[in-house]
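S.K.: Sequence plus the predicted model coming up.
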Amino acid sequence: MSSTTTTPASDAFIGSLTSMVNHDDISAMLEAQTQMLSRFEKTNEMLSNFNNLSAARYEKTLEEFKEHTQTLMDMKKDLESVFRRIRFLRSKLSKDYPDAFEIASKEVKGPDLDEEEDDSRLTTKCPPVPTITTQMSEDQQPTGMLNEISSIN
């Protein structure tokens, strides 16, 4: 027997199955599937647009972040240079004028910038630096200090 030929019994069975199916229900299911397909296509398009927009904003934000990071790195270098110059000035002053430097150091007890401690100390306000008036002879005047400071880097 060939499987491509149909028998009257199988035709009768298929006919009874198709008569059980409600054609209105099938058309309603097809309509619902068409509406869902349309919604899914719209949602997919919206998500694609969102992804494109997000990628563009990410690129822009990434560039800004790189610029800000570079600015912070430059500021760090500048601050390190300033602190290095301050340390140089402090050591130069302590060597050239040890008495005045010791008096000033005792009066001003600010944070020691040479030590690395928690950052909470950096937010406290330091007292104003008092001015020291001393009589210096002409041979004690600091003449070349500015040139030495500018050469430090």
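M.R.: Structure's in. What do you need?
S.K.: Which residues belonging to stretch 66-81 are considered buried?
M.R.: When burial is assessed from 16 or more other C-beta atoms under 10 Å, stretch 66-81 yields no buried residues. All C-beta atoms are positioned from the backbone trio N, CA, C, and that covers glycine.
S.K.: what ranges do the helices span in the chain?
M.R.: Counting by DSSP state H, the chain has helices at residues 8-20, 23-96, 98-107, 145-150.
S.K.: Could I get those helices in a markdown table, plus columns for mean pLDDT?
M.R.: Converted to a markdown table, the helices of the chain look like this (pLDDT from 0 to 100):
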| stretch | mean pLDDT |
| --- | --- |
| helix 8-20 | 84 |
| helix 23-96 | 96 |
| helix 98-107 | 88 |
| helix 145-150 | 49 |
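S.K.: looking at those, which is buried most?
M.R.: Among the helices of the chain, helix 98-107 has the highest mean neighbour count (mean count of other C-beta atoms under 10 Å), at a mean of 12.
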